[in-house]
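**Q** could you look at this predicted model? Sequence included:
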2 protein chains.
Amino acid sequence: MSELKGACILGQSGGPTSVINASAYGVIATALKSSSITAVYGAEHGIKGVLNDRLFDMSKEDPGELELLKYTPSSALGSCRYKMADPDVDDTDYKRILEIFKKYDVRYFFYNGGNDSMDTCNKISKYMQKVGYECRVMGVPKTIDNDLYGTDHCPGYASAAKYIATSCMEVYQDARVYDTGMVCVIEIMGRHAGWLAGAAGLATAYGAGPDLIYLPETDFNMDEFLADVDRIYKEKGNCMVAVSEGIHYADGTFVSEAKTSSTDGFGHAQLGGLAATLAAAVKEKTGAKVRGIELSLLQRCGAHLASETDIEESFMSGKAAVENAVNGISDKMVGFVRTERDGRYVCKTELLNLTDVANAEKKVPREWINERGNGVEKPFIDYALPLIQGEPKLPKQDSLPRFAKLKKVLAK
Amino acid sequence: MSELKGACILGQSGGPTSVINASAYGVIATALKSSSITAVYGAEHGIKGVLNDRLFDMSKEDPGELELLKYTPSSALGSCRYKMADPDVDDTDYKRILEIFKKYDVRYFFYNGGNDSMDTCNKISKYMQKVGYECRVMGVPKTIDNDLYGTDHCPGYASAAKYIATSCMEVYQDARVYDTGMVCVIEIMGRHAGWLAGAAGLATAYGAGPDLIYLPETDFNMDEFLADVDRIYKEKGNCMVAVSEGIHYADGTFVSEAKTSSTDGFGHAQLGGLAATLAAAVKEKTGAKVRGIELSLLQRCGAHLASETDIEESFMSGKAAVENAVNGISDKMVGFVRTERDGRYVCKTELLNLTDVANAEKKVPREWINERGNGVEKPFIDYALPLIQGEPKLPKQDSLPRFAKLKKVLAK
């Protein structure tokens, strides 16, 4: 494979995570050092930044600030939810991307996101091949939802899982402090896959977590739910419940029905208010004092509880994307394989076909969920526990987080 | 003052904090070492544990587990919200308490709580004096609300403040990631005093916090609020708001309870709290994408973000309560005085009269809030910043919190 010289673009897309910038730093730091890569650009708001010719020159940034990206949550370059058209139907965006690629001599494109982003990656790559523009395209995974197909796990998941498990353990202490009893319902992100809600099971495994956990992988039955809560509340005097925002009845309707018709760019219904809905139902059934808690954005940006393992793996995935691309690889997403050495968890990268990854979803195996569909089993705990290990040494200023401050100098 | 020999009881009361157990540990560790104190009992669920003869023998606990109390949120002994009757009207409870005090030869009573708890302390002490039972009663302060009269600040406040400021800084990164804009409303505890919501101003002072902060010390005006949000959203493309749960209109009605136009088609009041109510009002006014986030219980039990300063001061207040009582002091609450040494914050204990503290409330000075009532001024930041300093070395097990596990052996 002959050397391909040219600039690279990195874009970030989809919902933020605590460690998406650790992946970005893996790409940027590796690309800045590569002799094949002539310039490193960060696209503002993902692919939109390419379309709008809003590219930041990463070589103009202070190296110390760039390193702080490892501990800075959310997408530092800005994100987007932008659905690319089918190029056979409308190739306007693709022509514009080609124009920008040519303008900056871009030969490497790295896209940091979830399944929709891998779809974007894949479409761009196919188009460039069709028009004969030599360019290597690599996906760098990112999603707290952990639902990317083909990889053992996804960067971003573990830190959210650790936030969820820790918060559940703390709320557990709080919610049982009175002798008057309480039912507490904690709403956790996850529209279609229950990886995040399942992480509440880590708290339970360590003696201070939910009594009941509901994932979208099984159908939700309100009567069974209320009966389970009532039984536990009567037995123990309190009950703690964790639910995925995406739990649904057997007919497919979400338990939390969208209040408005507002949807995001991909046509996903916007959910919310599930904890309050279930809390109200529990109150009516049991008469107990109830509290609904929505972990909301906190769970995906709680970088102060990030997993060191997740940070290092996220960095590694960005680094691997650049190294492989420079070595001639294209049309792949960096995935993770779990191995063991001396009985200890070890994570290695592998390369997955973008075509296979794009728009597929990986769900929690049914056998990792208990039969009644209200808890997770030991294989889930064994899967998630190694991922959340390690406390990063967080940069602080006056005991508050010190996040990266980028200059964002526009490329010309 | 002659030596008073006898047992002591420690009770915890009111809402939990991240560091109330650090105070408890200050009492327990100091009392276990005191030659005047013959036994150390922890009352289950505060004063209710005394009334129900449910006392735990603290000498039966593992010393290592007791030390973990410094890092264990919520009231490890259990809490209560129990209003003592006026003993002149109904002295049933007081007679029972005297009976229990005599049964266990209790000569020291330490009560760890907020203003209601100081009232309980005060009533018990007055009753014991009236009936001629020698007993020294000391209040150990605790409240995230920071509203105890006479003390510079209260144990528990700083850790909640640090949680709030850090979470706001993280959400700030998240809530501005798209180019489509968003208004984010964060609801913070504090029914009558705005110390906690004001702490969101720390995030703003460090460049990543709310644009608008509303405290209950000023009257809330919905039209002004919506105009401010609208202006900022138009200027910046996004807007972040922090509100005390206790904000109220000029007539005293809580905004959270007042009727707004945000009801569904069937005339049902909207589920959820103040954040949801304000978010709906903002959506109606601006058409912006909005998100309401309630920090809920997380802010008062988020021990993983505790301030080391707060932990040490909480321990110090418990220790001071015991030392002073053994030295003959009674009817006091331990308070804090802020001093300086070489330009650095130093905190010392002082003793305040229970009668002065009980049921009084300390509010944020009006001059620490800006004129329009939508932000805090520099004196607030200067006040709060030293309190949140320092990261405790948190005990962990497999990267999850390792909280104290007490055996809770009942005294006989």
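**A** That came through fine.
**Q** okay, whichever residue of the stretch 301-412 of chain A sits closest to chain B: pLDDT?
**A** For the stretch 301-412 of chain A, the residue positioned closest to chain B under C-beta to the nearest C-beta is residue A:301, at a distance of 4.0 Å. All C-beta atoms are positioned from the backbone trio N, CA, C, and that covers glycine. Confidence per residue is given as pLDDT, and for residue A:301 that number is 97.
**Q** and for residue A:355?
**A** The model reports residue A:355 with a pLDDT of 89.
**Q** so it, which state does it fall into?
**A** When classified by DSSP: H, G, I helix; E, B strand; the rest coil, residue A:355 comes out as helix.
**Q** who's in contact with it?
**A** When contacts are counted by C-beta atoms under 8 Å, 6 or more residues apart in numbering or on different chains, residue A:355 is found next to A:122, A:331.
**Q** and what of residue A:211?
**A** Under the criterion of C-beta under 8 Å, 6+ apart, the contact list for residue A:211 reads A:204, A:232, A:236, A:239, A:240, A:241.
**Q** please report phi then psi for the second one.
**A** According to degrees, to the nearest 10, the main-chain angles of residue A:232 amount to phi -70, psi -40.
**Q** that one contacts residue A:226, correct?
**A** No - with contact defined as C-beta atoms under 8 Å, residue A:232 does not reach residue A:226; the gap is 11.1 Å.
**Q** higher neighbour count, these two?
**A** With neighbours defined as other C-beta atoms under 10 Å in any protein chain shown, residue A:232 and residue A:226 compare such that residue A:232 has more, 19 against 16.
**Q** with adjacent residues omitted, what lies nearest to the residue nearest the centre of chain A?
**A** The geometric centre of chain A, computed from its C-alpha atoms, lies nearest to residue A:143 (C-alpha atoms, centre = their mean), at 1.8 Å. Closest residue to residue A:143 in three dimensions, ignoring its sequence neighbours and counting by C-beta to C-beta, 6 or more residues apart in numbering or on different chains: residue A:114, at 3.8 Å.
**Q** pretty sure the one you found is touching residue A:140, no?
**A** No - taking contact to mean C-beta under 8 Å, the distance of 10.8 Å between residue A:114 and residue A:140 leaves them out of contact.
**Q** quick one: which of the two has more around it?
**A** residue A:140 (29 against 24).
**Q** on the three-state scheme, the more buried one is what?
**A** What three-state DSSP gives for residue A:140 is strand.
**Q** again, but for residue A:335
**A** State at residue A:335, reduced to three classes by three-state DSSP: strand.
**Q** distance of it from residue B:398?
**A** Residue A:335 sits 25 Å away from residue B:398 when distances are taken as C-beta to C-beta, to the nearest Å.
**Q** give me the contacts around the helix or strand where residue A:137 lies.
**A** Remark: residue A:137 resides in strand A:136-141, with elements defined by DSSP states H and E. Outside of strand A:136-141, the residues within contact range by C-beta under 8 Å, 6+ apart are A:4, A:23, A:26-27, A:107-114, A:117-118, A:121-122, A:124-125, A:128, A:148, A:151, A:154-155, A:317-318, A:321-322, A:324-325, A:328-335, A:354, A:357.
**Q** the helix or strand just after it to strand A:136-141, inter-axis angle?
**A** Using DSSP H and E, the next helix or strand after strand A:136-141 towards the C-terminus is helix A:157-175. Counting by axes from the mean of the first three to the mean of the last three C-alpha atoms, to 10 degrees, helix A:157-175 points 10 degrees away from the direction of strand A:136-141.
**Q** now for helix A:157-175, which elements pack on it?
**A** With contacts defined as 3 or more C-beta pairs under 8 Å, 6 or more residues apart in numbering or on different chains; DSSP states H and E, the packing partners of helix A:157-175 are strand A:182-188, helix A:195-205, strand A:238-244, helix A:298-301, helix A:308-326, helix B:298-301, strand B:400-401.
**Q** out of the ones you listed, which gets nearest to residue A:86?
**A** Comparing the helices and strands packed on helix A:157-175 against residue A:86 with C-beta to C-beta, the closest turns out to be helix A:308-326 (25.3 Å).
**Q** pretty sure the residue of the stretch 301-412 of chain A closest to chain B sits against residue A:75.
**A** No - with contact defined as C-beta under 8 Å, residue A:301 and residue A:75 do not form a contacting pair (10.3 Å).
**Q** let me know the helix or strand that residue A:41 is in.
**A** With secondary structure defined by DSSP H and E, residue A:41 is part of strand A:37-43.
**Q** show me the contact partners of that strand.
**A** Outside of strand A:37-43, the residues within contact range by C-beta under 8 Å, 6+ apart are A:5-12, A:24, A:28, A:31-32, A:49-50, A:54-59, A:77, A:104-106, A:108, A:322, A:326, A:408, A:411.
**Q** which parts of the stretch 51-200 of chain A sit against chain B?
**A** Residues of the stretch 51-200 of chain A found near chain B (C-beta under 8 Å from any C-beta of the partner chain) are A:72-75, A:78-81, A:162, A:165-167, A:169-171, A:173-175, A:177-179, A:184.
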